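[1] requesting a structural model of the entry that follows:
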Amino acid sequence: MPRPNKAAAQARAKRRAGQSIFVPAKAVSDSGYRKASDGKFTTAKVLVPQCLDMCETLTIRRFFRKMWRYMDAYRKGLDSRQTAFAVHKYKSHRRVGLPNEIIALMES
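    The predicted structure follows:
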């Protein structure tokens with residue numbers, strides 16, 4: 001049976017006791033996630049929610065909406081150049097146009 005991670009066990013104990021397990025927000029905001037992270041999963045579980053809390057909800061929604069468009073274009077079989085064009089051209093909520101429409105627009 002694998003040995004439990006000591007940091008994870010300490011975090012669970014603090015959570016049960018009602019203590020905060022979060023690293024101070026200053027550590028993340030001043031230096032960013034990459035400098036505050038030590039490369040361990042337990043640290044990432046603490047830092048990622050803090051980083052997301054620092055972003056506005058609208059920014060996160062816009063990012064994911066744009067990623068949906070990229071995923072839709074790649075799913076339709078477009079290459080990277082065609083995908084970049086399609087994402088820039090089409091501003092639909094979750095889809096880009098049909099591949100033949102995109103290629104025709106690029107050629108014109």
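[2] low-confidence ranges in this protein?
    Applying pLDDT under 70 to the chain flags residues 1-12, 14-31, 92-95.
[3] ok, longest helix in it?
    In the chain, ranked by residue count with DSSP state H as the criterion, the top helix is helix 57-75.
[4] buried sites along it?
    The neighbour-count check on helix 57-75 (16 or more other CB atoms under 10 Å) flags 68, 69, 70, 72, 73 as buried. Heads up, the C-betas are built off the backbone N, CA and C, glycines and all.
[5] and for the last one, nearest residue in space, chain neighbours not counted?
    Of all residues not flanking residue 73 in the chain, residue 83 sits nearest, at 4.1 Å (CB to CB, 6 or more residues apart in numbering).
[6] the one you found reaches residue 71, doesn't it?
    No: when contacts are counted by CB atoms under 8 Å, residue 83 is not listed as touching residue 71 (9.6 Å).
[7] the helix or strand encompassing residue 84 - contacts with which helices or strands?
    Under the criterion of DSSP states H and E, residue 84 resides in helix 80-89. When contacts are defined as 3 or more CB pairs under 8 Å, 6 or more residues apart in numbering; DSSP states H and E, helix 80-89 sits against helix 57-75, helix 99-107.
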